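sequence unknown, structure follows:
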C-alpha cells in the first residue's frame, strides 16, 4: 500500500518522479529485509549460545 500511494502522488509530477520513487523504495525494502534477517539470525544464535551455557552449568553442578 505504501508504494501505491507514493506512485499516485509522484505521478502528478511526471515519469521521472515515479522512476526515482521505484528505485528508492526497492532499495529501502531490500535494507529492511536484510536487517530483519540479520536480527533474526543474531537472536537465534544468541539463544543457542545462552542455552549451551545454561546446560553446561546445570550438568556440572548436578549430583
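Yep, it's here. All of these numbers come straight from a predicted model, not from anything done at the bench. Numbers count the residues shown, from 1 in each chain.

Could you list every helix and strand in contact with the least confident helix or strand in the chain by mean pLDDT?
Every helix and strand in the chain was compared by mean pLDDT, DSSP states H and E; the lowest is helix 2-11, with a mean of 82. Here helix 2-11 touches helix 15-60, going by 3 or more Cβ pairs under 8 Å, 6 or more residues apart in numbering; DSSP states H and E. Just so you know, the C-beta spots here come from the backbone N, C-alpha and C atoms, and that holds for glycine as well.

Run the chain-centre distance for the helix it packs on.
Once both centres are worked out by Cα atoms, centre = their mean, to the nearest Å, helix 15-60 turns out to sit 5 Å from its chain's centre.

and it with helix 2-11, angle?
If you take axes from the mean of the first three to the mean of the last three Cα atoms, to 10 degrees, helix 15-60 sits at 160 degrees to helix 2-11.

tell me the mean pLDDT over helix 15-60?
Rounded to a whole number, the mean pLDDT of helix 15-60 is 86.

What helices and strands are in contact with it?
Helices and strands touching helix 15-60, by 3+ Cβ pairs under 8 Å, 6+ apart, are helix 2-11.
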